[in-house]
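# Structure for the following, please:
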Amino acid sequence: MKKLVSSILLTAALTASAIAQTASDAAKGYFSTYQKKEYGKSAEYFHPEALDLFRQMLSFGKSLPEEKATAFYRDFFGPEATKESIEKLDNQAYFSQFIGSIMKLILEPANVEYTKAEVLGEVKEGEVTHVLVRLHLSSNGVESQAMEVISFKQYKGEWKTLLTEKFESIAESLQESFR
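Purely as a prediction, here's the structure:
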């Protein structure tokens, strides 16, 4: 009897684990970091290839003149950040510090809150799964909605998000502003 109960519990645990490992579940987890204003934690949901690409896109910071580099690192990685301290970070910590700083710069002054993320569906394309999400936002009492398509790819058994065009645009805009 104990073996039967153990088998049922193990099967239930494995099934629950498998259910929680869909791209849609990963999208919900990713957006929950924004709802909780834990922006830096969103890095945990990114695929290592995406984190590496993001770091490469911001690598222009290394070649900036000293005064501009100091401003770049301070403004986008925190007041104590230096070129040397940022170079020591792994890609996940690099992204985490950057996104935490930039979201505070952009969202908090505008009082923007992610109030809900509603997954509408998934489309599989080879090894990538695209998830359509309706975001519910609030800013100073004004409610709005936005649609997002987030792409995911498996990494070590977990669905990890890839970079969206928004992140590429952020990097391009920053590079332009520091020229």
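
# Kindly list the longest helix within the chain.
Taking DSSP state H as the criterion, the chain has its longest helix at helix 91-110.

# so how far is that one from its chain's centroid?
Helix 91-110 sits 10 Å away from the centroid of its parent chain (CA atoms, centre = their mean, to the nearest Å).

# Stretch 45-56 too?
Distance, stretch centre to chain centre, for stretch 45-56: 10 Å (CA atoms, centre = their mean).

# next one: stretch 55-64
Relative to the centre of its chain, stretch 55-64 is centred 19 Å away, using CA atoms, centre = their mean.

# Show me which residues of it are buried.
Taking 16 or more other CB atoms under 10 Å as the basis for neighbour counts, the residues of stretch 55-64 that come out buried are 55, 57-58, 60-61, 64. In short, each C-beta sits where N, CA and C put it, glycine included.

# again, but for stretch 25-44
Within stretch 25-44, the residues that qualify as buried by neighbour count (16+ other CB under 10 Å) are 25-31, 33-34, 39-43.

# how about the spatially most central residue of the chain, what does it touch?
Using CA atoms, centre = their mean, the residue of the chain that lies closest to the mean C-alpha position is Ser42, 3.8 Å off. Ser42 makes contact with 30, 33-34, 96, 99 under the criterion CB atoms under 8 Å, 6 or more residues apart in numbering.

# could the buried residues of stretch 25-44 be laid out in TSV, adding distance to Lys83?
Formatted as TSV, the buried residues of stretch 25-44 follow (distance: CB to CB, whole Å):
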residue	distance to Lys83
Asp25	38
Ala26	33
Ala27	34
Lys28	36
Gly29	32
Tyr30	29
Phe31	32
Thr33	27
Tyr34	29
Tyr39	23
Gly40	20
Lys41	25
Ser42	24
Ala43	20
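
# quick one: which of the residues you listed sit in helices?
25-31, 33-34.

# Now do the helices in the chain.
Listed in chain order, the helices of the chain (DSSP H) span 2-19, 23-35, 48-57, 66-77, 83-87, 91-110, 165-177.

# what's the closest of those helices to His136?
Closest approach to His136 among the helices of the chain is made by helix 23-35 (9.6 Å; CB to CB).

# Now do the closest one, average pLDDT.
Averaging pLDDT along helix 23-35 gives 91.

# and if you look at stretch 68-80?
Averaged across stretch 68-80, the pLDDT comes to 89.

# Can you give the contact residues for that stretch?
Outside stretch 68-80, the residues that touch it by CB under 8 Å, 6+ apart are 61-62, 64, 81-83, 85-86, 97-98, 100-102, 105, 174, 178.
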